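1. with the sequence up front, the predicted model follows.
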Amino acid sequence: MADKIVKLGVIGLGNIAQQHINNVLQGEVENTKLTAVCSRQQTPNDLEGVRHFSCYKALIDSGIVDAVLIATPTMSHFEISQYALQKNIHVLLEKPIGLSSFEGEQLVASVQPGTQFALMLNQRTDANYVKIKQIVDSGVLGEITRTHWTMTNWFRPEIYFQASDWRATWKGEGGGALVNQCIHNIDIFQWICGIPASINGFCEFGKYHDIEVEDEVTAYFRYTNKATGVFVASTGESPGVNRFDIIGDKGSLHFEPGKLIQKLNGQSTQAFSRNTTDMFGMPEVEITDITANEKVNQHAIILNNFVRAILFGETLMTPAQAGLASLDIANGILMSSWTNQQVKLPFDRKAYQQQLEQKIASSKLRVKSNIQATVDMSKSYR
Ligand SMILES: NC(=O)c1ccc[n+]([C@@H]2O[C@H](COP(=O)([O-])OP(=O)(O)OC[C@H]3O[C@@H](n4cnc5c(N)ncnc54)[C@H](O)[C@@H]3O)[C@@H](O)[C@H]2O)c1
């Protein structure tokens, strides 16, 4: 196996790209050689021997890469991925797949057989989310009746936005908290609990920050089986919480970072309700702490899988099309909020794209602040 190598180019040299590069250089990714990088800034000294390009097309056409990891601002995801896919270069794209699911759908449709196209949905490797998914899929909770995810733990101070020209602008990323930070949570939410049939969204735009996009979100989901879901998010609260509750007819799961609690009734709550003669009775419950304490290198797992898919035909854990549903939901919450109407799914991606283009037409990239921001990426993951 050691003789098989993917020659990787990284496009973008910002916050997250540095982390991917470190993973490769520190040996966290097998069968991979970093051969090229592309950015608008200089190559750091520790990338000696790695060819630097200032134009992504030149990198893709250079003949020295089999695959690219695209870690540029979201507004360029469509253009750069489309160019690479046309040239049959394998692509691992940072989330989200594009400014909208309309863009993502076109990218997915353009993939040629034999070319791998994956998306960095790294939180799907989180041990607790994996465990929650296994339990829900096993059916032990019975039919899901209600869910509630409060993700207000994405606090971002003003400098996070002001230090970049693209973040939290319609033009630069097609939204704010929903498409940037929360796309991870919405992806996990729909991966585990399915896609709702309708969405009512209520967003606050620039409530906590000097930005034009949403920084506080409340959404109400309804599913075909009458299950209901609530998603609440904020980038303006501190300290926020990350609290995910899944209620089924036979039991429930309750997650907070570092704590996963399972409550099993051992029988159907509905059946108990209909059969008991005890006016204040409740089903017996068995409560177990099932927290998964295993910490994993999420980004490296996805990158290793991408490389093995190229070299050995392993199935992609996060194929790019897996990123469409979460973006449909994020876009649907925005659409509902703009129109003050319920949005039905399957989502009208084209109608959303037209609305987004109007927002983009009156949006400008920001002039970056001169203040030097300090960056510790390990604090960015919640
Ligand atoms: N999966 C995760 O955990 C995670 C974490 C952070 C960011 N992200 C995603 O990664 C992307 C980048 O975010 P970031 O915080 O690293 O951004 P950043 O602003 O820190 O870095 C962006 C980099 O892209 C380069 N760039 C911009 N336009 C380019 C172009 N046309 N060609 C080549 N290079 C170009 C810039 O020079 C810069 O080096 C975003 O889409 C973001 O949502 C994902």
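-> Perfect, thanks for sending it. Residues are numbered from 1 along each chain as shown.
2. ranges for the strands of the stretch 51-200 of the chain?
-> For the stretch 51-200 of the chain, the strands defined by DSSP state E, counting those that start in this stretch cover 51-53, 67-70, 90-93, 117-119, 144-151, 198-205.
3. if I pick N153, what's in contact with it?
-> Residues in contact with N153 (Cβ atoms under 8 Å, 6 or more residues apart in numbering) are 239-242, 257, 382. Where C-beta positions appear, they are placed from N, C-alpha and C, glycine not excepted.
4. same deal with T291?
-> For T291, the contacting residues are 128, 258-260, taking Cβ under 8 Å, 6+ apart as the criterion.
5. which of these fall in strands?
-> With DSSP state E as the criterion, strands contain 259-260 from among the contacts of T291.
6. is it correct that G142 is in contact with I246?
-> No: applying Cβ atoms under 8 Å, one finds G142 not in contact with I246, separated by 11.1 Å.
7. the more surrounded of those two?
-> Counted by other Cβ atoms under 10 Å, G142 and I246 do not tie: I246 has more neighbours, with 24 against 19.
8. point me to the residue of the stretch 101-250 of the chain nearest the ligand.
-> The ligand sits closest to M120 of the stretch 101-250 of the chain, with a gap of 4.5 Å, by Cβ to the nearest ligand atom.
9. tell me the pLDDT at the residue nearest the centre of the chain?
-> Residue closest to the average C-alpha location in the chain (Cα atoms, centre = their mean): H184, at 3.0 Å. Looking at H184, its pLDDT is 98.
10. now do the contacts for it.
-> 95, 121-123.
11. can I get those residues in CSV with neighbour count?
-> Listed next are these as CSV, based on neighbours: other Cβ atoms under 10 Å:
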residue, neighbour count
K95, 21
L121, 24
N122, 23
Q123, 20
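12. just how off-centre is stretch 307-318 within its chain?
-> Put simply, stretch 307-318 sits 20 Å off its chain's centre (Cα atoms, centre = their mean, to the nearest Å).
13. that stretch and the ligand, are they touching?
-> No: shown here: stretch 307-318 not in contact with the ligand (Cβ under 6 Å from any ligand atom), separated by at least 10.4 Å.
14. got phi/psi on the residue in the stretch 51-200 of the chain positioned nearest to the ligand?
-> Closest approach between the stretch 51-200 of the chain and the ligand, counting by Cβ to the nearest ligand atom: E94, at 3.5 Å. For E94, the backbone dihedrals are phi -70, psi 150 (criterion: degrees, to the nearest 10).
15. same check, this time on N15
-> Dihedral angles (degrees, to the nearest 10) for N15: phi -50, psi -60.
16. cool, the one 4 residues further on as well?
-> Q19 has phi and psi values of phi -70, psi -40 when expressed as degrees, to the nearest 10.
17. quick one on the thing from earlier: how far away is the residue of the stretch 101-250 of the chain closest to the ligand from S369?
-> Look at M120 and S369: by Cβ to Cβ, to the nearest Å, they are 27 Å apart.
18. who has more neighbours, these two?
-> Using other Cβ under 10 Å, the more surrounded residue of M120 and S369 is M120, with 26 against 14.
19. F244 contacts N128, correct?
-> No: the pair F244 / N128 is not scored as a contact, 9.1 Å apart, by Cβ under 8 Å.
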